[in-house]
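> coordinates for the following, if possible.
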Amino acid sequence: MKIWTFILTLGLAHSNASAANETPQAGFEWITNKQVGNCIACHDVPGVSGMVSSFGPSLKGVGSRLSRQALTQWVEDARKINPDTLMPPFGTTEGLSKTNPPRVILTKSQIDQVVDTLASWP
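Below is the predicted model of the structure:
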């Protein structure tokens, strides 16, 4: 099971193996990847236990609280929903002056995968 290998590589314990099997794998990998998405740095994420962050809101049940369109906007550029957010824009460099390298953090395809995963968390 590839997801278990990935989670164990990160040193994260999986609290619910059946929930992990139901989660779209690619998006879960971006969410938990400390080099790319790193959502776990600020959010409590279903299926991840251990050092849980409470800096941002929990992502548990986010699929039942927000539409797919809203989830996409939060990931692409949360500043369009809340100009005072501390969440980085993962899908744009618009309005940023010192990006290095000057590219988006996640591609459109990666954002779609993340949204698929978020939407699967009712």
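> in contact with residue 116, which residues?
24, 26-27 (CB atoms under 8 Å, 6 or more residues apart in numbering). The way it works is simple: take the backbone N, C-alpha and C, and place the C-beta from them, glycine included.
> name the residues of the helix or strand harbouring residue 111 that are buried.
Under the criterion of DSSP states H and E, residue 111 resides in helix 108-119. Across helix 108-119, burial judged by 16 or more other CB atoms under 10 Å covers 110-119.
> quick one: secondary structure of residue 64?
helix (DSSP: H, G, I helix; E, B strand; the rest coil).
> got the buried residues of helix 108-119 as CSV, with pLDDT columns?
Putting the buried residues of helix 108-119 into CSV (pLDDT from 0 to 100) gives the following:
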residue, pLDDT
110, 97
111, 97
112, 97
113, 97
114, 97
115, 98
116, 97
117, 97
118, 97
119, 97
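> quickly find the element holding the residue of the chain most remote from its centre.
Distance from the centre of the chain peaks at residue 97, with 23.6 Å (CA atoms, centre = their mean). Element membership for residue 97, per DSSP H and E: none, as it lies in no helix or strand.
> pLDDT at it, what is it?
On the pLDDT scale, residue 97 is placed at 90.
> out of the contacts of residue 116, which is most surrounded?
Greatest neighbour count in these, by other CB atoms under 10 Å, goes to residue 27: 23 neighbours.
> that one contacts residue 109, doesn't it?
No - Residue 27 lies out of contact with residue 109 (CB atoms under 8 Å); the separation is 10.5 Å.
> SS state for residue 30?
Per three-state DSSP, residue 30 ends up helix.
> can you check the pLDDT for it?
95.
> quick one: it from residue 95, how far?
To residue 95, residue 30 is 23 Å away according to CB to CB, to the nearest Å.
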